[in-house]
Structures are given as structure tokens and as C-alpha cells.
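Peer 1: Okay, predicted coordinates and the sequence, questions at the end:
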Amino acid sequence: MPQRVAIVGTGQTDHKSHRPDVNQREMINEAVVRALEDCEMTIRDIDAIIIGNMDHFESINYVDTWSVEGSGGVMKPIMKITTGGTTGASVAIAAYYHVASGLFDKVLAIGWEKNSESDTTAAIVTCSDPVWDRFSYSGAIPSLASEASAYMEQYGATQHDAARVAVRDRKNAMNNPHAHLRKPVTIEDVMASPMLAYPVKLGDVCPRTDGACAVVLAADGIAQKVTPRPAWFVASAVRHTYTWFGDSTDYDQGLVSLKNASREAYQKAGIRNPADELDVAELYLPYTYAGLKYIEALDFCAPGHGPRFVADGHTEIDGKIPVNPSGGVISTNCIGATALLRVAEAAIQIMGKGGKRQVHGANLALATGFGGCFWSDVVLLCGDRP
Amino acid sequence: MAHEYENHAPMTMRMETPMPYEWSIGKYGSRFFQEIREKNQFIGIRCPGCGKVYIPPRRVCGPCFKELDELVELPNQGAITAFSIVNYPFIDPNTGIQRPIPYTYGYIRIDGADNIFSHIIDETDENKIKVGMRVRAVFKEKDAMQGHINDIKHFEIVD
């Protein structure tokens, strides 16, 4: 039997578009120090470290080795996990595996990115096949815009429907002192913003952020001693779909990887009606249309009903299933940290440390990660020891 | 000592060095480029397990995890399944310089194929392009072809 595992501490930087005041190691260190403080541990308590960021973003390889003074990994087991947009969730899941295996009891998970240090789109383009896809591929925005164009065609969703997702997330970010964009927007603001790649406008997409996140995981028996209310792992799931962009872009099926991953997690957790049973969801929604389509893959509502579900207020902080009380990815996107922030924010909700962004009584939380070629990670956390 | 430096702005350092690579296209990928050069003809490959026809042709079907070898001729046309009109500047890592914008990135279902082919569509007016429209490949002159994906210049709308 695997060990039970809980998140006992989280730390994150105060996210900004440009942090020239710190180099990469120093920025990583800020998040690590805050995570250790959160659970009153020292780096000596940590048995192993998992760290990740986006390949090519800062043009330095082997973050596991060169960052050790920042991560605290000097003479400790440390490894790098890099899975694109899902990196942060994959880092959390790998740390979970480490503790669950029984080989380690206290593991530190770190995700980080200094988006300001490269041309983000040029770096993302290097994720595509150099022979077939790279010639026409232009990074995350048009890839997502293509998905949006197909979704709008299929269900009659509008740019106006999508703008509501930005309004919600940016409003929530006002309650998160760490968020990057802390200025509310209106539907009219989003509609009037410049068109980047039809139908996606500037107001529909996430920013480029410098930031880091760190999370401390501990085994059953230790977790309860470290913190009064640990956030227990109930399930995790990882799904990748295809190699080349055209291989399974069967848009009619929704976001297949997320559908499949969430079904596995729900089944493990005995969840039948996610929108009713989950208390809060921190979702990797890199652009507004994801806030309509991906909640369908998560079975919060039926296919095509995303726009109505959001418009009816079900995903607001006081709704049936609050989505992104942190302000989400549309407010903060330090990419290698972004999916770990989803996991950390889900844990913060369960630990009751959300401050102004706290969802009252949150006990069961969903976090997701999303990667550029439409792959997905899912983590379910619960206040009750499984 | 420390106070003397308090008002100095943090500095950054810039690198703009290109890094060359040379990628193998593979057995059937190479064949694909030879076919378009010699015959202006697309080829795909059929999986013996699931029966799916893939373009471009490759040696393994991911879901079935089977070796493929049945090449099939495909027409140079299909339908748009999704698209976006790219209208923001970014550095093209293939060239090291900014890619010309606007241009239309398109997912095209080639007739007879079960997956989708990504390329450029020669229409940047959002009022003149729609999901479902028919498109046809436009090729470079034979002598200008280099075994590169841009041997197909773009797809044009034929509706």
C-alpha cells in the first residue's frame, strides 16, 4: 500500500511581469523560503526535491543542478520534471509519487518561470515538431484560437460568452495579494481589446509573468504534526494525447485528455456529480474560451452548456462550484509555476489559509494542469484523510 | 558600502546567437516530400489495427502502437476544421527574425485522412473564412522545392 500524502505548506512569490531585481535562483529561493515558513520546517527537514520550468524559456538547461543554492538542493536527491504547460502539476504529482512510494517522507516541489527573459512565443514554438508543425505554428495563442473557433462553430458560443470568464478571474485576482494582474475588467474592456489571433483578444489571454511557487508534501503521521489541517492527495491523473498537432484535434469530442484524466480521478475519489461534490476548483484556463469548454470536459455541465453555466454564476466564488478564487491563469502566468500554483491554491483553500479569497468550508478541491498540445494533469485534494 | 549602490538599477544581459540543428525527417516523411515534388501528390499511411489514415505518413500508430507500411495516395484538398488569424509579432525560432504577420494558421482535414494537417491558409480576412470551407494545396515550382513543409506554399479556399 502506498503512503498517504498531504500538502502541508505552500509558498509563492509576488508575481510581476518583470523581476530584474532577482536572478532565477534568487526568485526560486523566495518561494522555497515562504513554503518552508508556512509549515515551520527548515531545508534540513526536506528529504528530496522535484523542480521544473519550461524548456527553452530561459535558455539554461539542468535547472535541477544550477539552482541548488536557491532550491536548497545542495547534496540532496533532486530531479527536474518538465512537461510544458503542465510542468507545475507534474512536479506536484511526481513529488506525490515520491512520498507515496515510502522512499521519502518530506518532499519539496518547485515550479518557476522568468517569462521576461525570452520571447515566450518563440520558446513555445520549439515545442512543435520542427519538420511538420513549426513552420505554421505560432505558439499558444493561435493554437488556442483555433480550438476556440471550432468550439464557437459547434455550439454557437460567442466572444461575449468568453469575456465573462476574464471578468470573473480578474475580479477574483483582486482578493489575491500574490496575483500579477490586479485590476478588474468588464466585458466591454475585453471586447474592445486588440485582436491577437481571431477570435482571441488581448483581454482573453493570460499575461507573461515572472514568478515561482513551492509546495511541501509530507507523509501520513508527519503531516498531521506539521500542520493542523493538511490537504490530502485523493487522486492524480496524467493524460497525453498526440505527437503532432493534427493527430487528435477532434474538437467535437471536447478536451479529451482532461475528460479522461478527470474521470479517472473522480472514480478514485467516488465523485459522481463533480459540480455538486467539489467545493472549489483551481483550473488551468490559459484563455477565456477554456473557461467555457474545459468545464464541460470536467463534467461540471453538459457539452455546449459552458457559456450558460458561467453566465448563470455557478462558477463565481459564491456559486455552486467556485472556479479560480485565486484569479487563475488569466491573472498570473509564470508558466512552469502556473500548474503548481493551481495545486497550491487548492491546498490553501483546504488548509483555510485563503484570506480574502477563501471559499468558506472548502474540503474537496480540484486542481488541473494544461499543456500546449492539449494534454492534461488532474489533482484532487481533500481535508479528510483518505 | 551598501548604500552607495542602492539607487543603481538592476541590469540584464542579452544574447542573440543562432543555434543550428539538423533534424531527420524519417522514412515515410521523406517519401511525402518526394511525392509532392515529383507528382504534386499527397500521401498518407493506413494503420492495419484501427484503419486510420494518417497524414503526414509515419511509422507508428500511437493508439495501436503498431508498425505501419500501407501508403495511400490522398488528394491535395480538404476542409478547414479550425483556424486562427495570427496578428501579433513574435520571433520565429526557425529563422531568428520576426515572422511576417498577419497570416492564417489552419487545421485542415485532407479528404480521405482521419487526422488533421496543419498549415497556412491564404486568407486573412475573418469575414471571408469559416470552419468547414473547402481548401486546396498550392505548391512551389518543382525546382524551388527543398524537402521542406513550405514546398506547399499554402492552402487556398476553393468555395
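Peer 2: Sure, I can see it.
Peer 1: For the helix or strand bottoming out on mean pLDDT in chain A, name the packing helices and strands.
Peer 2: Least confident helix or strand of chain A, by mean pLDDT, DSSP states H and E, is helix A:120-125 with a mean of 86. With contacts taken as 3 or more Cβ pairs under 8 Å, 6 or more residues apart in numbering or on different chains; DSSP states H and E, helix A:120-125 sits against helix A:140-155. For every residue, glycine as well, the C-beta is placed using N, CA and C.
Peer 1: Helices along chain B, start to end?
Peer 2: B:27-39 (DSSP state H).
Peer 1: Low-confidence ranges, it, go.
Peer 2: Along chain B, segments meeting pLDDT under 70 span B:1-6.
Peer 1: Phi and psi next, for A:Leu292.
Peer 2: Main-chain dihedrals, A:Leu292, degrees, to the nearest 10: phi -100, psi -50.
Peer 1: Run through who's touching the least confident helix or strand of chain A.
Peer 2: A:54-57, A:134, A:137-141, A:208, A:335, A:372, B:88, B:90-93 (Cβ atoms under 8 Å, 6 or more residues apart in numbering or on different chains).
Peer 1: how about a cut-off of 10 Å?
Peer 2: The contact list for helix A:120-125 (Cβ atoms under 10 Å, 6 or more residues apart in numbering or on different chains) reads A:54-59, A:84-85, A:113, A:115, A:117-119, A:133-135, A:137-143, A:208, A:333, A:335, A:372, B:86, B:88-94, B:96, B:98-99.
Peer 1: In ChimeraX, how would I select just the buried ones from those?
Peer 2: Selecting just the buried residues from the contacts of helix A:120-125 in ChimeraX takes one command, with 16 or more other Cβ atoms under 10 Å in any protein chain shown as the test:
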select /A:54,55,56,57,58,84,85,113,115,117,118,119,133,134,135,137,138,139,140,141,142,143,208,333,335,372 /B:86,88,90,91,92,93,94,99
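Peer 1: and the contacts of helix A:120-125, which of them are in strands?
Peer 2: A:113, B:86 (DSSP state E).
Peer 1: Distance of the most centrally placed residue in chain A relative to A:Tyr284?
Peer 2: In chain A, the centroid-proximal residue (Cα atoms, centre = their mean) is A:Ala339; its distance is 2.3 Å. Distance, A:Ala339 to A:Tyr284, by Cβ to Cβ, to the nearest Å: 5 Å.
Peer 1: Identify the contacts common to those two.
Peer 2: Shared contacts of A:Ala339 and A:Tyr284 (Cβ under 10 Å, 6+ apart): A:85-86, A:88-89, A:329, A:367-371, A:376-377.
Peer 1: pLDDT check: weakest of those residues?
Peer 2: Least confident entry in those, by pLDDT: A:Gly371, with 90.
Peer 1: how much space between that residue and chain B?
Peer 2: 16 Å (Cβ to the nearest Cβ, to the nearest Å).
Peer 1: got the contact list for that residue?
Peer 2: A:83-87, A:89-90, A:127, A:140, A:240-241, A:257, A:284, A:286, A:335, A:339, A:377.
Peer 1: Tell me where the stretch 1-150 of chain A has helices.
Peer 2: Remark: helices assigned in the stretch 1-150 of chain A by DSSP state H, counting those that start in this stretch are A:24-38, A:63-66, A:68-71, A:87-100, A:120-125, A:140-155.
Peer 1: how about the residues of the stretch 201-350 of chain A near chain B?
Peer 2: Within reach of chain B by Cβ under 10 Å from any Cβ of the partner chain, the stretch 201-350 of chain A has these residues: A:202, A:205, A:240-252.
Peer 1: Report the buried members of those residues.
Peer 2: Neighbour-count burial (16+ other Cβ under 10 Å) applied to these gives A:205, A:240-242, A:244-251.
Peer 1: Tell me how many other residues crowd the nearest residue to A:Gly327 once chain neighbours are set aside.
Peer 2: Once flanking residues are discounted, A:Gly327 sits nearest to A:Ala173: 2.6 Å by Cβ to Cβ, 6 or more residues apart in numbering or on different chains. Residues near A:Ala173, counting by other Cβ atoms under 10 Å in any protein chain shown, number 26.
Peer 1: Does A:Ala173 touch A:His180 like I think?
Peer 2: Yes: using Cβ atoms under 10 Å, A:Ala173 makes contact with A:His180 at a distance of 7.9 Å.
Peer 1: Please identify every residue contacting each of these two.
Peer 2: A:327, A:330-332.
Peer 1: What's the per-residue pLDDT of the residue of chain A positioned farthest from its centre here?
Peer 2: Going by Cα atoms, centre = their mean, the residue of chain A most distant from its centre is A:Val131, 30.0 Å out. Looking at A:Val131, its pLDDT reads 90.
Peer 1: ok, which stretches of the stretch 151-300 of chain A are strands?
Peer 2: Read by DSSP state E, counting those that start in this stretch, the stretch 151-300 of chain A holds these strands, from start to end of the chain: A:195-197, A:200-201, A:210-219, A:231-239, A:280-282.
Peer 1: Those strands into JSON lines, with extra columns for mean neighbour count?
Peer 2: Listed next are the strands of the stretch 151-300 of chain A as JSON lines, based on neighbours: other Cβ atoms under 10 Å in any protein chain shown:
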{"stretch": "strand A:195-197", "mean neighbour count": "22"}
{"stretch": "strand A:200-201", "mean neighbour count": "26"}
{"stretch": "strand A:210-219", "mean neighbour count": "30"}
{"stretch": "strand A:231-239", "mean neighbour count": "23"}
{"stretch": "strand A:280-282", "mean neighbour count": "28"}
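Peer 1: Mean pLDDT for those strands - can I get that in JSON lines?
Peer 2: Listed next are these as JSON lines, based on pLDDT from 0 to 100:
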{"stretch": "strand A:195-197", "mean pLDDT": "92"}
{"stretch": "strand A:200-201", "mean pLDDT": "96"}
{"stretch": "strand A:210-219", "mean pLDDT": "98"}
{"stretch": "strand A:231-239", "mean pLDDT": "97"}
{"stretch": "strand A:280-282", "mean pLDDT": "98"}
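Peer 1: Format those as CSV; extra columns: distance to A:Ala150.
Peer 2: Output for the strands of the stretch 151-300 of chain A, formatted as CSV (distance: least, Cβ to Cβ, whole Å):
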stretch, distance to A:Ala150
strand A:195-197, 14
strand A:200-201, 13
strand A:210-219, 32
strand A:231-239, 20
strand A:280-282, 24
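Peer 1: Minimum distance to B:Glu35: which of those has it?
Peer 2: With Cβ to Cβ as the criterion, B:Glu35 lies closest to strand A:195-197 of those, at 31.7 Å.
Peer 1: How about the closest one and chain B, touching?
Peer 2: Yes: judged by Cβ under 10 Å from any Cβ, strand A:195-197 and chain B are in contact via A:195-197.
Peer 1: for chain B, what spans make up the strands?
Peer 2: Using DSSP E, the strands of chain B run over residues B:42-46, B:53-54, B:60-61, B:66-67, B:70-74, B:77-86, B:103-110, B:117-121, B:134-139, B:152-157.
Peer 1: So which bits of the last one are buried?
Peer 2: Okay, so that is strand B:152-157. Across strand B:152-157, burial judged by 16+ other Cβ under 10 Å covers B:152, B:154-155, B:157.
Peer 1: Present those residues as a markdown table; the columns should include distance to A:Ala123.
Peer 2: A markdown table is the format used below for the buried residues of strand B:152-157 (distance: Cβ to Cβ, whole Å):
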| residue | distance to A:Ala123 |
| --- | --- |
| B:Ile152 | 26 |
| B:His154 | 25 |
| B:Phe155 | 27 |
| B:Ile157 | 32 |
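Peer 1: now, which of those residues lie close to chain A?
Peer 2: Applying Cβ under 10 Å from any Cβ, the subset of the buried residues of strand B:152-157 adjacent to chain A comprises B:152, B:154.
Peer 1: so what's the nearest residue to A:Lys16 once chain neighbours are set aside up against?
Peer 2: Excluding its sequence neighbours, the residue lying closest to A:Lys16 (Cβ to Cβ, 6+ apart) is A:Asp210, at 5.8 Å. Applying Cβ under 10 Å, 6+ apart, we find A:Asp210 in contact with A:13, A:15-22, A:24, A:27, A:112-117, A:180, A:334, A:337.
Peer 1: Nothing else from me, thank you.
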